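sequence and predicted structure below; questions after.
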Protein chains: 2
Amino acid sequence: MIVTFLGLLAGTLTTISFLPQVIKTWKSKSAKDVSLEMFLIFCSGVFLWIVYGILVGDTPVIVANFVTFILASTILWLKLKYR
Amino acid sequence: MIVTFLGLLAGTLTTISFLPQVIKTWKSKSAKDVSLEMFLIFCSGVFLWIVYGILVGDTPVIVANFVTFILASTILWLKLKYR
């Protein structure tokens, strides 16, 4: 019970952590110090997590990675836009 | 079999993705555009993933998150160092 809560809390934190970066880059219109390679590789990995989640039928994996994918790909888009 | 490979590939990608950011920030000595809040929340979440992995006895979760924690906390340290 407390272990499941801990897992959900961990997943929530690692997922929502990308939101402050989205807001920061959106507001500053600057992404010079953000690594393009990091977000290219990260988005590819998160996409594969979604596929994996679908194949094994794991809803929490699908949901957490879907939200993460939206946020991380937004950072990737802002990075390509502002450099 | 192919599903397990996909999961391992996904985990490897999301883990090693932080390495280019470590190298970029280390070389440029600039982290102005990197969100402090993102890496504070992310490192907390990854730390909880390690605790979760230990409690449920899931070695891949422990190993992947341990490596991610080393890399992400290095970015956090560089962010605090270079701002």
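Arrived safely.

those helices in chain A, which residues are they?
Under the criterion DSSP state H, chain A carries helices at the ranges A:2-16, A:18-28, A:36-56, A:59-82.

now the third one, how far from the centre of its chain.
In other words, helix A:36-56. Relative to the centre of its chain, helix A:36-56 is centred 9 Å away, using Cα atoms, centre = their mean, to the nearest Å.

swap in the second one?
For helix A:18-28, the gap between its own C-alpha mean and the chain's C-alpha mean amounts to 13 Å (Cα atoms, centre = their mean).

same question for the first one.
In terms of Cα atoms, centre = their mean, the centre of helix A:2-16 is set 14 Å apart from its chain centre.

tell me what it is packed against?
The elements that helix A:2-16 packs onto, with contact taken as 3 or more Cβ pairs under 8 Å, 6 or more residues apart in numbering or on different chains; DSSP states H and E, are helix A:59-82, helix B:36-56. Every C-beta, even on glycine, is put in place using the N, C-alpha and C of the backbone.

in the shortest one, what's buried?
The reference is to helix B:36-56. Along helix B:36-56, these residues count as buried under the neighbour rule (16 or more other Cβ atoms under 10 Å in any protein chain shown): B:38-43, B:45-50, B:52-53.

how about the first one?
For helix A:59-82, a neighbour-count test (16+ other Cβ under 10 Å) marks A:61-62, A:64-65, A:67-69, A:71-76, A:78-79 as buried.

in chain A, which residue is most central in space?
The geometric centre of chain A, computed from its C-alpha atoms, lies nearest to A:T68 (Cα atoms, centre = their mean), at 2.8 Å.
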